[in-house]
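Engineer: Got a predicted model here, sequence first, then my questions.
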Amino acid sequence: MAQLEQVASPGSEWWRTAVIYQIYPRSFADASGDGIGDLPGITARLDDLKSLGVDAIWLSPFMTSPQKDAGYDVADYRDVDPLFGTLADFDAMLDAAHARGIRVIVDLVPNHSSDQHAWFQQALKAAPGSPERARYVFRDGRGENGELPPNNWESVFGGGMWERVTEADGTPGQWYLHIFDASQPDFDWTNEEVREEFRSILRFWLDRGVDGFRVDVAHGMVKEAGLPDYAPVADADSMGGGEENVPYWGQDEVHDIYRDWHKVMAEYDGDRALCGEAWLPTLKKTALWVRPDEMHQTFNFPYLMTEWDAAALRAVIRDSLDAFGEVGAPSTWVLSNHDVIRHASRLALTADSPQGDGIGPKSKGKPDPAIGLSRGRAATTVMLSLPGSAYVYQGEELGLPEAMEIPDEFRQDPTWFRTNGERYGRDGCRVPLPWTASGTAFGFNDTGASWLPQPAEWAGFARDAEEQDPASTLNLYKALLAERRARALGSGSLVWDDVDAAAVAFHRGDLHVVANLGAEPIELGEGVTFVIQSEPFAGTALPPNTAAWFTRA
Ligand code: GLC
């Protein structure tokens, strides 16, 4: 039987093959010592990222914000929040990154603003039907006196999707739509004024020299006309990844906006890129986000959501290369980010945990930490061998697990508050990084302050300790990234191998990649020279929960 060969879409733009490191600024490095990371903290640590071997960084939002949703609630799109520094700090960080050959992508949050944004404040003071209100989604309520919300939609963070306002004369008034927290009103993207404002925001950051944008909730910006009632299916994924035909996710008209932005990006030199955050039910639909005149990349969430199962992992890799290949785009690959349970824990959960629920002291199905870490390392060993662009979330290069025992009183995610503690939310993947095994806040800063508490056992994951340990997760990531670069694995073709039902196996030229997702060792046979093992083992039998790169004589 002929082996199936899959070829990555060709092209020389940097984003087709880049490994992009996600910085969550609040939790990366804290130069000011107030317990929240900042831009000068990032600048001071760029050499660590250079030595890790990444091509670019993506920064979660650092713009002016009341921080009701950790900065994904923007009050001024053209300034830096004092928590994180100043625009001058941003420029210095950008220059320092570029000087090291690291590109910089910033987060753009176009679906909604903060309720503290000047436009929303104006809308609250203005009358129903005014141009100020038309920038957001205001509607009259249902019921005799407008006392019922305009429809039955439910917020991703829990509770209803509508909030009622009090009009200027003190009477109960209209309602506004918020897919997320009530402090995050949705813009009305059918309004040309909103479109023009965002073109200008794009240009503001492009003029400063950013290499691209990660576009928040790219699938939510347009709502179905008439805002029809819709109740999600019972166990559907909260961001829409599990459902078809949701009136607020993945509407066709969103594509007009990306086509428009594609033109704005093309006004600039240097292959500036848009990467969409779009949770969609199928890879075929996901690929529509990256047709040649739209975004350049989109997150591969079907890949992220794949469980530890060989057949499922083979299928999602194959289908990803097919679906993205059909539209001439690179596939992207991602295992962790600031919204999901860290993959060194998630891949060993023994009970379902829908996206956004998180995991905390009372959760069932907590993972065995050793199995989780092994699977996490093996999964990354597969991911970084794949053609296309890969995303790495800060801390996964240390093998950090999810922080699962955060006491209730420290929780910050709006999901926790909007569900009265029924869903823990995402704090467990957002805990500040350990840089040093000793010292205050594990070297996150020199005051010991930390906006979320760091687990004591994170001393064992500190970067300085891992630097010294040849078998550490950090040194595994460095080896994978160096070898990926040396062998140009970001482009080219992949040929599937039939090794074992419990294996994911393929080769890229003379480099073989095999992962064992089963319960028994898999014998790799004769003539094997290992290039990388996801963790050390002797002989040629690949242990369960392990992956390897090797050549064969
Ligand atoms: C995106 C962000 C998430 C945020 C939400 C609302 O999904 O990744 O962190 O809460 O949008 O802005």
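Structural biologist: Received the coordinates, thanks.
Engineer: CA only for contacts and neighbour counts going forward, please
Structural biologist: OK.
Engineer: Now the residue in the stretch 51-200 of the chain that the ligand sits nearest to: phi and psi?
Structural biologist: Distances between the stretch 51-200 of the chain and the ligand by C-alpha to the nearest ligand atom are smallest at Tyr72, namely 4.4 Å. Reported as degrees, to the nearest 10, the phi and psi values for Tyr72 are phi -80, psi 20.
Engineer: Against Ala96, how distant is it?
Structural biologist: In this view, Tyr72 and Ala96 are 25 Å apart by C-alpha to C-alpha, to the nearest Å.
Engineer: for Gly41, same thing?
Structural biologist: Distance from Gly41 to Ala96, by C-alpha to C-alpha: 12 Å.
Engineer: higher neighbour count, the two?
Structural biologist: Gly41 (25 against 17; other C-alpha atoms under 10 Å).
Engineer: so who does the residue most central in space within the chain touch?
Structural biologist: Nearest residue to the geometric centre of the chain (C-alpha atoms, centre = their mean): Asn337, 4.0 Å. By C-alpha atoms under 8 Å, 6 or more residues apart in numbering, Asn337 lies in contact with Gln22, Val392, Tyr393, Cys429.
Engineer: before we move on, could you check phi and psi at the last one?
Structural biologist: When read as degrees, to the nearest 10, the backbone of Cys429 gives phi -100, psi 10.
Engineer: Just the pLDDT at it, thanks.
Structural biologist: The model reports Cys429 with a pLDDT of 98.
Engineer: ok, and the closest non-adjacent residue to it?
Structural biologist: Leaving aside its chain neighbours, Cys429 sits nearest to Glu402 (5.3 Å; criterion: C-alpha to C-alpha, 6 or more residues apart in numbering).
Engineer: pretty sure that neighbour is in a strand, no?
Structural biologist: No: counting by DSSP: H, G, I helix; E, B strand; the rest coil, Glu402 is not part of a strand but coil.
Engineer: quick one: it and the ligand, what's the gap?
Structural biologist: Going from Glu402 to the ligand by C-alpha to the nearest ligand atom, to the nearest Å gives 16 Å.
Engineer: and Asn305, how many neighbours?
Structural biologist: Let me fix one detail, which is that residue 305 is Met and not Asn. Neighbours of Met305 using other C-alpha under 10 Å come to 20.
Engineer: which residues touch it?
Structural biologist: With C-alpha under 8 Å, 6+ apart as the criterion, no residue contacts Met305.
Engineer: roughly how far apart are it and Ile359?
Structural biologist: Met305 is 16 Å from Ile359, by C-alpha to C-alpha.
Engineer: try Pro10
Structural biologist: Separation of Pro10 from Ile359 (C-alpha to C-alpha) stands at 40 Å.
Engineer: which one of those two has more residues nearby?
Structural biologist: Under the criterion of other C-alpha under 10 Å, the comparison of Pro10 against Ile359 puts Ile359 first, with 29 against 14.
Engineer: close enough to count as contact, the more buried one and Met404?
Structural biologist: Yes: Ile359 is in contact with Met404 according to C-alpha atoms under 8 Å; the separation is 5.8 Å.
Engineer: So for these two, which residues contact both of them?
Structural biologist: Joint contacts of Ile359 and Met404 (C-alpha under 8 Å, 6+ apart) are Gly428.
Engineer: unless I'm mixing things up, the residue nearest to Cys429 is touching Asp339, no?
Structural biologist: No: the pair Glu402 / Asp339 is not scored as a contact, 11.4 Å apart, by C-alpha under 8 Å.
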